[in-house]
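Undergrad: sequence unknown, structure follows:
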């Protein structure tokens, strides 16, 4: 795959799910890939892979051209770098760009908002949790929930953008998560799909995920109420659910023209309906570059 030329090294996880390759910089001297006629390649955040593939399938069904191909997750940072280097036509990003990324001169198209949530194994007796209990679980002060049951905590890696969403909404989370990661005995997952699979296969497991990944997996996981509030697209739209993150497409300016038919489809009523059905909140208006 073309992306491999741009990926360096690997990270070592605590257990289970292998860490994604590092994408901090391209190999020196690697020539920029040329776009493939009739195909738009997209890669980046795993949280956006289900949405990208749902849009790709609908676009293909109506005979849309160029065809959209969505690669496996390489993370938001990887998607930005791959788009900037020309390894893909479109980067998929599930957070705000940082200062360095904004300096790359990429066009950014808002794609909507992602619902971050806490999910539990269907065998779990609990369906709600408080912010204080969530932080206590991460600190290891107790692993018993209000129903007296034992919870198996699963973690995302430090680079996961959903962590930042939780940290902004729950002040105690950042320190509590570091304590959990330092524990060294808890399973760390590096991909959204891997987290959903791990929760589904681990009795009484609890972890952070997103609505789109749950919809795509069809796994019968429990979505937990947090401090009495429940996640939904409607709750994100009216501001009552604070755990959300922005979604965007990024592309080099010399690739934008070939993307226009696809971008128009995504911004259409049909594209917005597909976005919502996939578990993501479409933007109030998509700006075409």
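TA: Arrived safely, thanks for sending. Not measured: the values here are computed from a predicted model.

Undergrad: ok, which stretches of the stretch 151-289 of the chain are strands?
TA: Under the criterion DSSP state E, counting those that start in this stretch, strands of the stretch 151-289 of the chain are mapped to 152-153, 155-156, 188-189, 205-210, 222-223, 225-226, 244-251, 280-281.

Undergrad: So which of those strands is nearest residue 125?
TA: For residue 125, the closest of the strands of the stretch 151-289 of the chain is strand 222-223, at 9.6 Å, according to Cβ to Cβ. For glycine as for every other residue, the C-beta is placed from the backbone atoms N, C-alpha and C.

Undergrad: Tell me which of the strands of the stretch 151-289 of the chain approaches residue 108 most closely.
TA: When the strands of the stretch 151-289 of the chain are compared by Cβ to Cβ, strand 244-251 sits nearest residue 108, at 5.1 Å.

Undergrad: Could you give the number of residues near residue 160?
TA: When neighbours are defined as other Cβ atoms under 10 Å, residue 160 has 25 of them.

Undergrad: what does the one 3 residues further on give?
TA: A total of 18 residues lie near residue 163 under the criterion other Cβ under 10 Å.

Undergrad: Ok, residue 60 next?
TA: Counted with other Cβ under 10 Å, the neighbours of residue 60 add up to 13.

Undergrad: Mind telling me what element it is part of?
TA: Using DSSP states H and E, residue 60 maps to helix 49-61.

Undergrad: Could you pull out the buried residues of that helix?
TA: Residues of helix 49-61 classed as buried by neighbour count (16 or more other Cβ atoms under 10 Å): 49-56, 58-59.

Undergrad: Going by residue numbers, what spans are strands in the stretch 1-150 of the chain?
TA: Under DSSP E, counting those that start in this stretch, the stretch 1-150 of the chain gives strands at 39-44, 67-70, 90-93, 107-120, 128-129.

Undergrad: Which strand residues bridge residue 114?
TA: residue 245, residue 280 (DSSP bridges).

Undergrad: nearest residue to residue 174 other than its sequence neighbours?
TA: The shortest distance from residue 174 to any non-neighbouring residue, by Cβ to Cβ, 6 or more residues apart in numbering, is to residue 167 (4.5 Å).

Undergrad: Help me confirm that that neighbour comes into contact with residue 173.
TA: Yes. Counting by Cβ atoms under 8 Å, residue 167 touches residue 173, with 4.9 Å between them.

Undergrad: Which one's more surrounded, these two?
TA: Taking neighbours as other Cβ under 10 Å, residue 167 and residue 173 compare with residue 173 leading, 20 against 15.

Undergrad: And the pLDDT for that one?
TA: Here, the pLDDT recorded for residue 173 equals 96.

Undergrad: Any stretches of the stretch 51-200 of the chain with poor pLDDT?
TA: Low-confidence segments of the stretch 51-200 of the chain, defined by pLDDT under 70: 141-149.

Undergrad: Could you verify my assumption that residue 135 touches residue 174?
TA: No. The pair residue 135 / residue 174 is not scored as a contact, 9.6 Å apart, by Cβ under 8 Å.

Undergrad: These two: which is more packed in?
TA: Taking neighbours as other Cβ under 10 Å, residue 135 and residue 174 compare with residue 135 leading, 21 against 16.

Undergrad: now that one: how far from residue 221?
TA: Distance, residue 135 to residue 221, by Cβ to Cβ, to the nearest Å: 22 Å.

Undergrad: cool, and residue 246?
TA: 24 Å.

Undergrad: More neighbours: which of these two?
TA: The residue with more neighbours, out of residue 246 and residue 221, is residue 221; 22 against 17, by other Cβ under 10 Å.

Undergrad: what does the domain assignment say about this structure?
TA: Annotated domains of the chain cover 2-113+246-281, 115-237 [automatic domain parsing].

Undergrad: Excluding chain neighbours, what is closest to the residue nearest the centre of the chain?
TA: Centroid-nearest residue in the chain, with Cα atoms, centre = their mean: residue 47, separated by 2.2 Å. In this structure, residue 47 finds its nearest non-sequential neighbour in residue 94, 4.4 Å apart by Cβ to Cβ, 6+ apart.

Undergrad: what's the span of stretch 35-45, first residue to last?
TA: Stretch 35-45 has an end-to-end distance of 21 Å (criterion: Cα to Cα, to the nearest Å).
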